[in-house]
Structures are given as structure tokens and as C-alpha cells.
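Colleague: Got a predicted structure plus its sequence, pasted below:
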Amino acid sequence: MILKPPVLITSRLLPGLHIGDGWVSIKFDHEKPGDESRLRYRWYIDIPAGDFEGNDLQSGNSRYGTDEEALQAGLESLLSFLGSAAESYRYKGMEGENADLFPEAVVEWAAQNSDEISMLGLELEEIKDLICEQDTYLR
């Protein structure tokens, strides 16, 4: 697997992103299948307040050409949910409708880093093959 910036290998030896003082990582969760043939991801968020993980993130119903494309899409979705939680937290604190998507420490961290989360989310959406099977630059 080839990773291109801003996607990096994290300390968990997984593809992920360095955001502020934290790390976001993702992998497929093969232990628990997704609903309706969707892919299930296990995500990790390692921040100064602690290390958090979950496996409640699933792909959409569309199919991806490669596992690498699916991982990039999963990472993009994770950033989208982090952004939604951060926005909700900024308006209503932990009472916001999306603030309960992650543990409180993660939501507070996401709110502090919301600009970077948004920019990285756009980058993942616009630039394909940041996670790829082979280096497309060498072709």
C-alpha cells in the first residue's frame, strides 16, 4: 500500500492523518460485518486526552474498485462525522444533536481542530489515490 500526503502511516501502523496534536487512523473491521453488505471500519483517534476507538462507521452502499479506495472513502467519512460533531459542539456544547457521535474529549478536540479537519476532508474528497495499491506517479 502506498500512502501519499496528507495520509501517513500512524503509530498504529495504519493509514491515517496527523491533525493538530492528535492522530486519526482507520482499518477494515473484519470481526463484525457491516449491515446490508456494507464495509465496516474500525477507527482510532489518539489525542492527548486519551486513545479512543470504535467500529460504528460503515461504507455507503456503493462499491469501490479497490480496498485502498474504500479506505480513503472511510477516512473521508470519519472526518465528515468529526466535523459534524465539532460544529454541533460549537453551537450547543454536548447538547448538540451530533455532539454525541464521539466521546466528549474527542468532540472537544475536533472542535479545536475543526478548520484542519474540514481542509483535510476536502483534500481527501478532491484528490483520489492518496491511498493506493501502487504508485501512480511512477506510471
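Modeller: That came through, no problem. Residues are numbered from 1 along each chain as shown.
Colleague: Beyond the longest helix along the chain, next helix or strand please.
Modeller: Of all the elements of type helix in the chain, the one with the most residues (DSSP state H) is helix 67-92. Stepping forward along the backbone from helix 67-92, the first helix or strand reached (DSSP states H and E) is helix 104-112.
Colleague: buried sites along that next one?
Modeller: Neighbour-count burial for helix 104-112, counted by 16 or more other CB atoms under 10 Å, picks out 106-112. In short, each C-beta sits where N, CA and C put it, glycine included.
Colleague: for stretch 23-38, same thing?
Modeller: Residues of stretch 23-38 classed as buried by neighbour count (16+ other CB under 10 Å): 23-29.
Colleague: Then stretch 86-95?
Modeller: Neighbour counts using 16+ other CB under 10 Å place 86-89 of stretch 86-95 among the buried residues.
Colleague: would JSON lines of those residues with pLDDT and distance to D46 be doable?
Modeller: As requested, those are arranged in JSON lines below (pLDDT from 0 to 100; distance: CB to CB, whole Å):
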{"residue": "A86", "pLDDT": "96", "distance to D46": "17"}
{"residue": "E87", "pLDDT": "95", "distance to D46": "22"}
{"residue": "S88", "pLDDT": "95", "distance to D46": "22"}
{"residue": "Y89", "pLDDT": "94", "distance to D46": "19"}
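Colleague: any chance of these in TSV, plus distance to N98?
Modeller: As requested, the buried residues of stretch 86-95 are exported to TSV (distance: CB to CB, whole Å):
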residue	distance to N98
A86	9
E87	7
S88	4
Y89	8
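Colleague: so who does the closest residue to H18 other than its chain neighbours touch?
Modeller: Using CB to CB, 6 or more residues apart in numbering and skipping the chain neighbours, the partner closest in space to H18 is L8 (6.1 Å). With contact set as CB atoms under 8 Å, 6 or more residues apart in numbering, L8 has these partners: 15-18.
Colleague: quick one: L8 from L120, how far?
Modeller: Distance, L8 to L120, by CB to CB, to the nearest Å: 11 Å.
Colleague: Between those two, which contacts overlap?
Modeller: With contacts defined as CB under 8 Å, 6+ apart, the residues shared by L8 and L120 are L17.
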